[in-house]
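In: sequence and predicted structure below; questions after.
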Amino acid sequence: MILPAARRLRPTLLIVGCGDVGLRVLRLLRGRLRVLALTSSPHRVADLRAAGAVPLVGNLDDAATLGRLAALADAVLHLAPPPASGRGDPRTRALLRALARGGRLRRLVYASTSGVYGDAQGARFDETRPIRPATDRAWRRADAEALVRRHGRAFAVAASVLRVPGIYALDRVGGDPRERVRRGAPLLAPEDDVYTNHIHADDLARACVAALFRGAPQRIYHVNDDSTLTMGEHFDAVADAFGLPRPPRLARAALRAAVSEVQWSFLAESRRLDNTRLHRELRLRLDYPTPGHAWALASGGAPHP
């Protein structure tokens, strides 16, 4: 439980950054908790209310709009991304300053990225591996993680960090891998290919809920499925499952010249995340243990890798 039942019969959760994954969390928790959702877009208020949340309009880039967050929630699920530039995350800093004034918060879950590790050259590792951010984007996430864990220690809040790799779902805007295959976007040649990690958006939502109820203080969790695929194997499996042409392959130098620096950081970093803590400590049984289970459900065939 988020709080002992004797203290509060129906705890209140605040979701910060209630986009696609936040809405999936809302569906899981509807009727179980009172859920507030912070949004910077007034036009989303009706949709959030229809999904079962109490909408709050506030902007993480404007600290003056966050004052009323101080004592509203027992738990916070922080899904909002950092700004698009810089090496720090002032949004998370502003949020935590607002929450610190209330003294009510007891649990905090932050969804970060596995990109904080940088390139591990294909190594398989658990959450004890030191981080080595290689891009400003990864440094911003590392900064947010440090702020969250520091807040937990300073204010006796059970703060957990979820390190999340590529999120996919066929009904997720920007997360349907068929879109990339249909564009014919190139990938690395097999001899240069990298290991990649994935999590279905529904399983990520379930992991967020598990962390809210069972996450240990100051604990980091890899939230990835059980597959071990190179990027090429992953997208080839997508193409085969849906009758699409397999993506073209390019040598490392040719691909780097053809894509942006941000795209290259996704294509070039290779790592295999151990998700033992996800299974043992959060006690999560994945609905989609490999991407192939999602392709089989959608295409009516047997699971692919």
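Out: Now that the structure is in, tell me what you want to look at.
In: residue 170 is in contact with residue 298, correct?
Out: Yes. Counting by CB atoms under 8 Å, residue 170 is a contact partner of residue 298 at 5.5 Å. Backbone N, C-alpha and C define where each C-beta goes, glycine included.
In: looking at the two, which one has more neighbours?
Out: residue 170 (18 against 13; other CB atoms under 10 Å).
In: which residues touch that one?
Out: 176, 178, 294, 298 (CB atoms under 8 Å, 6 or more residues apart in numbering).
In: which of the residues you listed count as buried?
Out: 178, 294 (16 or more other CB atoms under 10 Å).
In: dump the contacts of residue 170 to JSON lines, plus secondary structure and pLDDT.
Out: Shown next, in JSON lines, are these (DSSP: H, G, I helix; E, B strand; the rest coil; pLDDT from 0 to 100):
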{"residue": "176", "secondary structure": "coil", "pLDDT": "93"}
{"residue": "178", "secondary structure": "helix", "pLDDT": "94"}
{"residue": "294", "secondary structure": "helix", "pLDDT": "91"}
{"residue": "298", "secondary structure": "helix", "pLDDT": "79"}
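In: for residue 31, state which of the contacts of residue 170 is nearest.
Out: residue 294 (26.8 Å; CB to CB).
In: which residues sit in contact with that closest one?
Out: Contacts of residue 294 by CB under 8 Å, 6+ apart are 168, 169, 170, 200, 288.
In: what about the second one, neighbour count?
Out: Same thing as residue 169. 21.
In: and stretch 52-65, end to end?
Out: End-to-end distance of stretch 52-65 (CA to CA, to the nearest Å): 23 Å.
In: do the same with stretch 277-295
Out: 26 Å.
In: which of the contacts of residue 294 fall within helices?
Out: Per DSSP state H, helices hold no members of the contacts of residue 294.
In: how about the residues you listed in TSV, adding distance to residue 192 and pLDDT?
Out: Output for those, formatted as TSV (distance: CB to CB, whole Å; pLDDT from 0 to 100):
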residue	distance to residue 192	pLDDT
168	23	95
169	28	94
170	28	93
200	27	97
288	28	96
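In: what score does the closest residue to residue 248 other than its chain neighbours have for pLDDT?
Out: Leaving aside its chain neighbours, residue 248 sits nearest to residue 186 (4.7 Å; criterion: CB to CB, 6 or more residues apart in numbering). We have a pLDDT of 94 for residue 186.
In: let me see the contact set for residue 186.
Out: Per CB under 8 Å, 6+ apart, neighbours of residue 186: 247, 248, 249, 250, 255, 258.
In: pull out the buried residues from those residues.
Out: For the contacts of residue 186, buried by 16+ other CB under 10 Å: 247, 249, 250, 255.
In: could you identify the longest helix within the chain?
Out: helix 136-155.
In: from the contact counts, what lies against the following helix or strand past that one?
Out: Tracing the chain past helix 136-155, the next element assigned as helix or strand by DSSP states H and E is strand 158-164. When contacts are defined as 3 or more CB pairs under 8 Å, 6 or more residues apart in numbering; DSSP states H and E, strand 158-164 packs onto strand 107-113, helix 136-155, helix 201-214, strand 219-222.
In: which SS state does residue 68 fall under?
Out: helix (DSSP: H, G, I helix; E, B strand; the rest coil).
In: quick one: contacts for it?
Out: 56, 58.
In: for residue 131, same thing?
Out: So residue 131 contacts 116, 117, 118, 142 (CB under 8 Å, 6+ apart).
In: redo that, cut-off 10 Å
Out: By CB atoms under 10 Å, 6 or more residues apart in numbering, the contact set of residue 131 is 112, 114-118, 138-139, 141-142, 145-146, 163, 220.
In: with adjacent residues omitted, what lies nearest to residue 227?
Out: Nearest non-adjacent residue to residue 227, counting by CB to CB, 6+ apart: residue 290, 4.1 Å away.
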